[in-house]
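Chemist: For reference, the sequence and a predicted model appear below.
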Amino acid sequence: MNKIILKLYVTGKTLRTQKAIANLEAICKNELGMEYELTVVDVLERPQLAENEKILATPTLIRELPPPVRRIIGDLSDKEKVLIGLDLQKLTCEE
Amino acid sequence: MKSNAETIKKIETHIPGFDFISNSGLPEGRTTLVSGTSGSGKTIFAAQFLAEGIKNVHQNGVFVTFEESPQDIRRNMYTFGWDISQWEQKGQWAFVDASPNPENDAIVTGEFDMGALLARIEHAVNKVQAKRIVLDSIGAIFSQFENAAIVRKELFRIAVAVKKMQVTALMTSERTEEYGEIARFGVEEFVSDNVIIIRNVLEEEKRRRTIEILKFRGASHRKGEWPFSIMPDEGIIVIPLSAIELKQKSSNVRITSGCNELDKMCGGGFFRDSIILVSGATGNGKTLMVTEFTAGGVKNGERCLLFAFEESQDQLFRNATGWGYDFEEMEKKGQLKVVCLYPETAGLEDHLINIKAQIEDFKPNRLALDSLSALERVSTIKGFREFVIGLTSFIKHQEIAGLFTATTPTLLGGTSVTEAHISTITDSIILLRYVEILGEMRRGITVLKMRGSMHDKEIREFAIDGEGMHIKEPFRNISGILSGNAVYIKTGELERLNGLFKE
């Protein structure tokens, strides 16, 4: 139950995409402290997935599990804000 | 010399009336901004652009919604008879849902773009092979993101990308005033080549919808505000009033007024494709003239359409029976159609569309409307003038006879507002007037105008009995009837005057 599933939606292999992926990987490795699964979705290749999730902006990070679903938009450069957005404090407290 | 490659082609929208005022549609492959206040009908216009494309020319469409959910749009547009769900199933219509979702409230950290939205739009356009695309309403996207600078930049990028997709695009945007800045965020007009403004103006406590093409970059269009109406089962109908040209033919065929004596006064009857105005005070015999006009047509095997705005069908039929005409029987035979409407049930634009539809449906040879004055009170003077012009020119195009009545506000003499607007358009004017003689109210009739024909210039007395109207001798010894100050000249005085020059 303590596995976190993340999906990062990006547009192409731009500088911003690379930045967002690097930022997210660093946070996952150093800050999460739990098992995680990260998928990167390129909306140019799979637009239907973006349609299903009704995503407008890229990069968009979605925490699919555990519920509730959380969304963070941007290149994830502000570590603190990302952690607040992922709402991890609550998860770690519950353990 | 102009090369064909340089001229801007247009695609017909098939929105009724709009292709006329836009000189046959929207510039192809370009982006048009439709701006209007809340409730002005932007979303309907946008949805209709796609719906008419699918219905009429098999052009598929993509609807990008920033405001309402697709579910709401499907439901709202169903009232106009557009079955969007069915088109979606057939792959003719695709939604891109960019409407705000309160459950998906996102935190923003760092830079972002609208790449996903753009990818979704491209995907949808490719999926249905769209030729038309709608973005409704682009201003709403500002409410979803705090950083207006990014939204502005990204809107521009989307507009540029849409242009490359070789689709004809329509963007809607909201404005706060009917007569003010084109759009709210100041960016909308820069991302589009063409601007259309739709208005919903409150004038003298009455709503009036108009549409105006402000600019078509590099292409022609008609100028000014045009009234339009939103009708159930049809959507937007633009009414191109003053653009109607006087091209109709004119015939010398005479038709009966339904009253032999009046035919004689008119030099042998009304012309077959003329507009006749009957003006008179209340209770003066206007409805009787309408009844005789209608019955006279039916008697000669013509089809007659009667619009009544003052009386109910029962009243009308009872009156007709009183004068010896069986309207019920005529209706049964299909020669007569009586449409009774209460003027306040709709705006004048709606009435005009309804009347036109009835005429096209019934295809009458003659038409009577009782009375124009009743319609005057549901509109502004401007709106009424447009209605009268629109109606008369439509009737003239059908080459049928139209008889309108107008009520004068005073019992004796006087003219009505109706006459001021219509008198130059009508071919014939007949005045019915009360004449006060020695403490008695009598009735007078005169043919004031009869375009293209000799006519009786006298003011004659007429009486109404169980068989209708009977026109009698002229009022020889009365003057000043039309001014409302009838002066009686004694018979003795007349004889004396006549005898003066006799030997």
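Modeler: The structure has been received and is ready for your questions.
Chemist: what about B:Lys301, neighbour count?
Modeler: I think there's a mix-up here, since residue B:301 is Gly and not Lys. Burial of B:Gly301 is recorded as 8 neighbouring residues (other C-beta atoms under 10 Å in any protein chain shown). For the C-beta atoms, the positions are set from N, CA and C on the backbone; glycine is no exception.
Chemist: Assign it to helix, strand or coil.
Modeler: coil (DSSP: H, G, I helix; E, B strand; the rest coil).
Chemist: In space, what's closest to it - neighbours in sequence excluded?
Modeler: In space, and not counting its chain neighbours, B:Gly301 is closest to B:Gln335: 7.6 Å by C-beta to C-beta, 6 or more residues apart in numbering or on different chains.
Chemist: Please name the residues that touch the one you found.
Modeler: Counting by C-beta atoms under 8 Å, 6 or more residues apart in numbering or on different chains, B:Gln335 touches B:Val298, B:Gly301, B:Glu302, B:Arg303, B:Cys304.
Chemist: Next one: the last one, what pLDDT does it get?
Modeler: B:Cys304 is assigned a pLDDT of 95 by the prediction.
Chemist: Got phi/psi on it?
Modeler: For B:Cys304, the backbone dihedrals (degrees, to the nearest 10) come out as phi -120, psi 140.
Chemist: re the thing from before, let's see the pLDDT reported for the residue nearest to B:Gly301.
Modeler: B:Gln335 is given a pLDDT of 92.
Chemist: Same question for B:Asn101.
Modeler: 77.
Chemist: just B:Ser24 next, same as before
Modeler: B:Ser24 is given a pLDDT of 87.
Chemist: do B:Thr426 as well
Modeler: pLDDT, B:Thr426: 83.
Chemist: Which residue, other than its chain neighbours, is closest to whichever residue of the stretch 51-200 of chain B sits closest to chain A?
Modeler: In the stretch 51-200 of chain B, the residue that lies nearest chain A is B:Gly115 (2.8 Å; C-beta to the nearest C-beta). Among residues not flanking B:Gly115 along the chain, A:Thr11 sits closest, at 2.8 Å (C-beta to C-beta, 6+ apart).
Chemist: for that neighbour, phi and psi?
Modeler: Per degrees, to the nearest 10, the backbone of A:Thr11 is at phi -110, psi 110.
Chemist: tell me the contacts of it?
Modeler: A:Thr11 makes contact with A:Thr17, A:Asp42, A:Val43, A:Leu44, A:Thr58, A:Pro59, B:Asp113, B:Gly115, B:Ala116, B:Leu118, B:Ala119 under the criterion C-beta under 8 Å, 6+ apart.
Chemist: I'd like the secondary structure assignment at A:Pro68, please.
Modeler: coil.
Chemist: With B:Val447 instead?
Modeler: Judged by three-state DSSP, the three-state class of B:Val447 is strand.
Chemist: How about it, nearest residue that isn't a chain neighbour?
Modeler: B:His455 is the one closest to B:Val447 (C-beta to C-beta, 6+ apart), at 4.5 Å.
Chemist: Give me the neighbour count for that neighbour.
Modeler: Residues near B:His455, counting by other C-beta under 10 Å, number 18.
Chemist: Closest to the centroid, which residue in chain A?
Modeler: The residue lying closest to the centre of chain A (C-alpha atoms, centre = their mean) is A:Leu61, at 3.1 Å.
Chemist: Next, work out how far apart that residue and A:Ile73 are.
Modeler: From A:Leu61 over to A:Ile73 the distance is 8 Å, taken as C-beta to C-beta, to the nearest Å.
Chemist: B:Ser173 is in contact with B:Leu33, correct?
Modeler: Yes. Shown here, B:Leu33 and B:Ser173 form a contact pair, counting by C-beta atoms under 8 Å, at 6.2 Å.
Chemist: quick one: contacts for residue 65?
Modeler: Picked chain A for this. A:Lys3, A:Ile4, A:Ile5.
Chemist: The intended chain is chain B.
Modeler: Here B:Thr65 is in contact with B:Ile73, B:Phe95, B:Val96, B:Asp97, B:Ala98, B:Ser99, B:Asp136 (C-beta under 8 Å, 6+ apart).
Chemist: follow-up on the earlier one: name the SS class of the residue nearest to the centre of chain A, please.
Modeler: A:Leu61 - assigned by three-state DSSP - is strand.
Chemist: Count the neighbours of residue 14 for me.
Modeler: Answering for chain A, as no chain was given. Residues near A:Thr14, counting by other C-beta under 10 Å: 14.
Chemist: try chain B instead
Modeler: B:His14 has 18 neighbouring residues, counting by other C-beta under 10 Å.
Chemist: Just to be sure, it is in a helix?
Modeler: No. Assessed with three-state DSSP, B:His14 is coil; it does not lie in a helix.
Chemist: follow-up on the earlier one: what do B:Leu33 and B:Ser173 both touch?
Modeler: Joint contacts of B:Leu33 and B:Ser173 (C-beta under 8 Å, 6+ apart) are B:Ala183, B:Glu188.
Chemist: Helix, strand, or coil at the closest residue in space to the residue nearest to the centre of chain A that isn't next to it in sequence?
Modeler: Spatial nearest neighbour of A:Leu61, chain neighbours left out: A:Ile72 (4.4 Å); criterion: C-beta to C-beta, 6+ apart. Following three-state DSSP, A:Ile72 is assigned to strand.
Chemist: Could you report the pLDDT at A:Ile72?
Modeler: pLDDT, A:Ile72: 88.
Chemist: Pull out the buried residues from stretch B:95-112.
Modeler: B:Phe95, B:Val96, B:Asp97, B:Ala98, B:Ser99, B:Asn104, B:Ala106, B:Ile107, B:Val108, B:Thr109, B:Gly110, B:Phe112 (16 or more other C-beta atoms under 10 Å in any protein chain shown).
Chemist: which among those are in contact with chain A?
Modeler: Counting by C-beta under 8 Å from any C-beta of the partner chain, B:Val96, B:Asp97, B:Ala98, B:Asn104, B:Ala106, B:Ile107, B:Val108, B:Thr109, B:Gly110, B:Phe112 from these sit close to chain A.
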